[in-house]
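[1] kindly return the folded structure for what I paste below:
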Amino acid sequence: MKTYQIFIRLDKTSHINIGRLGHFEFLAGDYVYTGSAKINIDARIKRHVSVKKKNHWHVDYFLDNPETKILGIEKSVLTECELNQQTNGDILVPGFGSSDCTNKCRSHLKYLR
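    Reported below is the predicted structural model:
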């Protein structure tokens, strides 16, 4: 398994800087982020959930907000884009986590409400 989904709750609507992607308003509610790791998926997940880290990936900036809470993490055998495309939800931030996507995913972060 090299793909994962992080289920996240944002307790209140927040303006968050997502690195070079820019500042965005995120509505309060539940989100799912779909990611992958070429090697050592457990280390990648551990890094994302770590409180003390340098923000590198878009999801790191999102998780760094004090209003976010991780609800759960699931691994999958599907490819990152297959898993993302099978996940229902609204795209609030185009390009989030999908800058290297070759399957035309508009975002790898989806708002579940």
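[2] distance-wise, check the residue positioned nearest the centre of the chain relative to Leu112.
    By CA atoms, centre = their mean, the chain has its centre lying nearest to Tyr33, at 2.9 Å. Distance, Tyr33 to Leu112, using CB to CB, to the nearest Å: 11 Å. Where you see a C-beta, it was placed from the backbone N, CA and C, and this is true even at glycine.
[3] now do the strands in the chain.
    Secondary structure of the chain (DSSP state E): strands at 3-10, 14-17, 23-26, 29-36, 68-76, 109-111.
[4] just checking, the residue nearest to the centre of the chain touches Gly97?
    Yes: under the criterion of CB atoms under 8 Å, Tyr33 makes contact with Gly97 at 6.2 Å.
[5] list the buried ones in the helix ranked longest in the chain?
    Across the chain, the helix with the greatest residue count (assigned by DSSP state H) is helix 41-49. For helix 41-49, a neighbour-count test (16 or more other CB atoms under 10 Å) marks 41, 44-45, 48 as buried.
[6] okay, Met1: pLDDT?
    Note on Met1: pLDDT of 67.
[7] for this protein, which spans come out with low pLDDT?
    Applying pLDDT under 70 to the chain flags residues 1.
[8] how much space separates Leu83 from Thr3?
    To Thr3, Leu83 is 5 Å away according to CB to CB.
[9] common neighbours of these two, please.
    Here Leu83 and Thr3 have 34, 76 as joint contacts, going by CB atoms under 8 Å, 6 or more residues apart in numbering.
[10] give the burial count for His56, as a bare number.
    Using other CB atoms under 10 Å, His56 is surrounded by 11 other residues.
[11] next one: phi and psi at it?
    Main-chain dihedrals, His56, degrees, to the nearest 10: phi -130, psi -60.
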